[in-house]
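Visitor: What shape does this take:
(one chain, ligands or ions: 1)
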Amino acid sequence: MDNHSFQEVIRSRRSIRQFLSTPVEEEVLREILEDAQATPSNCNTQPWDVHIVSGAKKEELKKALLNTSEQGQATPDFTFDLHHYYGRYAERQIEQAQTFYGELQIAREDHEARQKEVMRNLSFFDAPHVAFLFMPSFGDNVRVASDIGMYAQSFLLSLTARGIGSVPQTILGFHADTVRQVLGVSDDKKLLFGISFGYPDQEAKVNSFRVGRDPIESNVTLHN
Ligand SMILES: Cc1cc2nc3c(=O)[nH]c(=O)nc-3n(C[C@H](O)[C@H](O)[C@H](O)COP(=O)(O)O)c2cc1C
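Guide: Here you go, the predicted structure:
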């Protein structure tokens, strides 16, 4: 995988939602973390506070998350503003859901099957590892959140370059208190999102399709 060109790596990355149980070797994980540590940040503050959870701790956390979710006790540190999407943004969100549930042959009105898919987030799609991206709180948090986003992309691409699959998960941030409690993280650290990762299950239907992107003209204006 080391010989993959950058273009191959960035264009082949996609979200993986079913993993093999095979763990990532510790020295490989350390290399990936070294790669991600090279991420730029505002004033070089390096505000990421990353917790990698595996093994028995991951099982304990999964149980706790399913439990709090069943009780309807969401404790997000940040809002999720889906209902604020408009125009092309809203269309893209709908297209993504249509592709996802369409490929899995889950009908729009099959709320139970849809909910079951959503709940798979909380068992990390059977991944052997999950990373939680915590951050300190500075002002309106926009700058620090963008630093964490950059860290996340470095981490995702480093995983991809080594044939390791991943999925960023806002949903894991909906239960910030539970995650902090199980991992012993203090309240001043805010949870932006989690990333489940491991070797992809190549046989799984959920990993067999991709969602598209608009042409660059939709997002980029070239000025001369
Ligand atoms: C910050 C962030 C949060 C996301 N949260 C979730 C999530 O909670 N659950 C999920 O299944 N996918 C989640 N995704 C994956 C997106 O749906 C996915 O990146 C998008 O549809 C593009 O598909 P691709 O990653 O396969 O290219 C998230 C992605 C990002 C960047």
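Visitor: pull the longest strand from this protein.
Guide: Looking only at the chain and at elements set by DSSP state E, the strand with the highest residue count is strand 190-198.
Visitor: Report the distance from that one to the chain centre.
Guide: Using C-alpha atoms, centre = their mean, to the nearest Å, the mean C-alpha position of strand 190-198 is found 5 Å from that of the whole chain.
Visitor: in its sheet, what does that strand sit against?
Guide: Taking DSSP bridges as the criterion, strand 190-198 forms sheet pairs with strand 129-135 (antiparallel), strand 165-169 (antiparallel).
Visitor: How is residue 91 assigned, secondary-structure-wise?
Guide: For residue 91, the secondary-structure state derived from DSSP: H, G, I helix; E, B strand; the rest coil is helix.
Visitor: who's in contact with it?
Guide: Shown in contact with residue 91 (C-beta atoms under 8 Å, 6 or more residues apart in numbering): no residues. Placement of C-beta: from N, CA and C, glycine included.
Visitor: Relative to residue 85, how far out is it?
Guide: Plainly put, residue 91 is 9 Å away from residue 85 if you go by C-beta to C-beta, to the nearest Å.
Visitor: Tell me which of the strands paired with strand 190-198 lies nearest to the ligand.
Guide: Shortest distance between the ligand and those, using C-beta to the nearest ligand atom, is found for strand 165-169: 3.7 Å.
Visitor: what's downstream of the closest one, the next helix or strand?
Guide: Proceeding N to C from strand 165-169, the next assigned helix or strand is helix 176-183, under DSSP states H and E.
Visitor: tell me which residues in that following helix are buried?
Guide: 176, 178-180, 182-183 (16 or more other C-beta atoms under 10 Å).
Visitor: cool, stretch 148-164 as well?
Guide: By 16+ other C-beta under 10 Å, the buried positions in stretch 148-164 come out as 148, 150-152, 154-162, 164.
Visitor: Of these, just say which sits nearest to residue 40.
Guide: Nearest to residue 40 out of these is residue 150 (C-beta to C-beta; 6.4 Å).
Visitor: which residues does that closest one contact?
Guide: Contacts here follow C-beta under 8 Å, 6+ apart; on that basis residue 150 touches 39-41.
Visitor: Type out the PyMOL command that picks the buried ones from those.
Guide: One line in PyMOL is enough to select the buried ones among the contacts of residue 150; burial here means 16+ other C-beta under 10 Å:
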select buried, resi 39+41
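Visitor: give me the subset of the contacts of residue 150 touching the ligand.
Guide: Among the contacts of residue 150, none lies close to the ligand by the criterion of C-beta under 6 Å from any ligand atom.
Visitor: Turn the contacts of residue 150 into CSV, columns for secondary structure and pLDDT.
Guide: CSV is the format used below for these (DSSP: H, G, I helix; E, B strand; the rest coil; pLDDT from 0 to 100):
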residue, secondary structure, pLDDT
39, coil, 98
40, coil, 98
41, coil, 98
